[in-house]
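A.B. asks: Following is a predicted model, sequence given first.
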Amino acid sequence: MNAELQISVLPEEAANIHKLKIVVASKIGVSQNEINHLEVLRRSIDARGREVKFVLKIKVIYNEIDFVNTSKPIHYSFKQAFKNPVIIVGAGPAGYFAALKLLERGIKPIIIERGKAVKERRRDLAAITKEHLVNSNSNYCFGEGGAGTYSDGKLYTRSTKRGDVKRILELLVQHGANENILIDAHPHIGTNKLPQIITAIRNTLENHGGEVHFNEKVFDFIIKEDKVLGVKTENTITQQISEFRGDSVILATGHSSRDIFEWFNNNQYLIEAKPFAMGVRIEHPQGLIDEIQYHKKERGPLLPPASYSLVTQALNKGVYSFCMCPGGIIAPCATAPGEIVTNGWSPSKRDNPFANSGLVVEVKPEDYQKYSNDGPLAGLRLQQEFEKTAFESGGKTQVAPAQRMVDFINNRISDNLPECSYIPGVISTPLNILMPKEFTRPMQEALKMFGKNMKGYLTNEAILVGFETRTSSPTRIPREKESLNHPQLTNLYPCGEGAGYAGGIISAAIDGEKCAEAILSKLI
């Protein structure tokens, strides 16, 4: 007999298959010896009560005399590529998963990436952290794997209605990810694990006829009568100019490819301002977050480092936590000299002593038009203003402005700063003055609310580090069918975060597949 059930168990029961069998057997009214197969389908943590428990969705097979477990992981196969190629600009999740989908159907993808291969990026990340040198083509945002590769690979998404999330996760497992991502409610790979997975995906692409070209920055499109026929690139090392032509072009350049947005605007093709959010990175000791969430001093080995998700309305503005990183590190994510951008990441074990999260305020087009009259690029200009201000406040290095949390709320300069994971360093700065009041005041009110709802969160042990500006793209590139009343390029498929259609690894991968499917419906 087969059954699916949801149970709530203690951490030691969730961690021990024999103890778990006893709980399940009691639940369905059989002896544990009658259970043939037990499989956890979904796993989450319930920390609402005084005793923390795991909530498990379980598939159980019992009283099957001739039962044989024949379940195997899904392995996708890829045809050898044929026909004219499809050009994909960007080797992030949108670009790579679009390429995998095309290869499944025998269409050759040619991927153009301005940055370096995933392992080679590490030298440039180290240069930002240690030497304060920013390579504008290879950094935390640009390069193979995209921004998510070195921002720890969070795989949680609300995009389940947009596409097949399970398929994306299974493809990641096929290329080396831990099978736990198939069952965890908030799956996570870890920055230390992702490079091998990204490399394995590239190997699949190349072994089945795809091409990947690094250090090739797109500076123009090959266009005839508003139809895109390919792209023109400049090699970022040799400065050699090249052309890549194909049946279609998927534009999956990510949320920080500002030169692409500028190209569309300068050439009078339609782009639109869209809502996004900006604020700061906030960091607590991980032990404090564990104590708050798990209601005890010591977390113990069976519980993961605790996380949180906070959202409220303050002074008619949405304020929320973003990209929370338990056991994580605040990273310098600038994509050009003269700016500071912060983000966060965690290793797979999430075992660093700090917990960080974005604390951001929603920004709507009608809000940021007051800061710039640059039409659809007004949000981008606002980002740049924040990033330049942060850079200049730290002595024109990657040293970031920072302030203790309670001091920020009370408009008080911090006499000193707590230890912080941001390696380039922090400098005491009144963020309450550095940011416009339209950001400062909602954040101050929101932090007071969060402190009431999460006792211990509002503390001067926490530090705010400026600025978190790249939560998503401030600009949207409409797709052909969405811009019928305005001149727009055909044969071009804006895709993923940079086009304003996604907000994370999984949603970007799903959107990449959708764009590939749209092309396949035309070609096959």
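C.D. replies: Cool, got the structure.
A.B. asks: okay, CA-based contacts and neighbour counts for the rest of this
C.D. replies: OK.
A.B. asks: didn't E362 look like it was pressed against K274?
C.D. replies: No: using CA atoms under 8 Å, E362 is not in contact with K274, being 10.9 Å away.
A.B. asks: Looking at these two, which is more packed in?
C.D. replies: Using other CA atoms under 10 Å, the more surrounded residue of E362 and K274 is K274, with 20 against 17.
A.B. asks: check contacts around the more buried one.
C.D. replies: Going by CA atoms under 8 Å, 6 or more residues apart in numbering, K274 touches 364-365, 379, 473-476, 500.
A.B. asks: Looking at the residues you listed, state which has the most neighbours.
C.D. replies: In terms of neighbours by other CA under 10 Å, the contacts of K274 top out with P474 at 32 neighbours.
A.B. asks: check contacts around it.
C.D. replies: 255, 273-276, 377, 379-380, 500 are the contacts of P474 under CA under 8 Å, 6+ apart.
A.B. asks: Then M278?
C.D. replies: If a contact means CA under 8 Å, 6+ apart, then M278 has 359-363, 383, 467-471 as its contacts.
A.B. asks: hmm, try it at 10 Å
C.D. replies: Residues near M278 by CA atoms under 10 Å, 6 or more residues apart in numbering: 319, 322, 358-363, 382-383, 386, 439, 466-472.
A.B. asks: which ones among these are found in strands?
C.D. replies: The strands, defined by DSSP state E, take in 319, 322, 358-363, 466-468 from the contacts of M278.
A.B. asks: Would you mind checking these for buried ones?
C.D. replies: For these, a neighbour count by 16 or more other CA atoms under 10 Å gives the buried set as 319, 322, 358-363, 466-468.
A.B. asks: any chance of the contacts of K274 in TSV, plus pLDDT?
C.D. replies: As requested, those are exported to TSV (pLDDT from 0 to 100):
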residue	pLDDT
K364	92
P365	89
G379	94
S473	94
P474	94
T475	94
R476	93
G500	90
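A.B. asks: Among those, find me the one that's closest to A508.
C.D. replies: A508 has its nearest neighbour among the contacts of K274 in G500, at 9.8 Å by CA to CA.
A.B. asks: Give the closest residue to the closest one in space, chain neighbours not counted.
C.D. replies: Nearest non-adjacent residue to G500, counting by CA to CA, 6 or more residues apart in numbering: R476, 4.6 Å away.
A.B. asks: Would you map the strands across the stretch 151-300 of the chain?
C.D. replies: Counting by DSSP state E, counting those that start in this stretch, the stretch 151-300 of the chain has strands at residues 211-213, 216-224, 227-235, 241-245, 249-251, 272-273, 276-285.
A.B. asks: Show me the domain layout of the chain.
C.D. replies: Following automatic domain parsing, one finds the domains of the chain at 2-62, 82-271+477-523, 273-468.
A.B. asks: Switch the ones you listed over to CSV; also include distance to T70.
C.D. replies: Output for these, formatted as CSV (distance: least, CA to CA, whole Å):
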stretch, distance to T70
domain 2-62, 11
domain 82-271+477-523, 17
domain 273-468, 30
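A.B. asks: Which one, of the ones you listed, ends up nearest to N69?
C.D. replies: Judging those by CA to CA, what sits closest to N69 is domain 2-62, at 7.5 Å.
A.B. asks: end-to-end on that closest one?
C.D. replies: Start-to-end span of domain 2-62 (CA to CA, to the nearest Å) is 7 Å.
A.B. asks: just stretch 5-13 next, same as before
C.D. replies: Terminal residues of stretch 5-13 are spaced 16 Å apart (CA to CA).
A.B. asks: what's the answer for stretch 75-90, then?
C.D. replies: Length of stretch 75-90, first residue to last, CA to CA: 25 Å.
A.B. asks: So for that stretch, what gets flagged as buried?
C.D. replies: Neighbour counts over stretch 75-90 (16+ other CA under 10 Å) mark 78, 80-81, 85-90 as buried.
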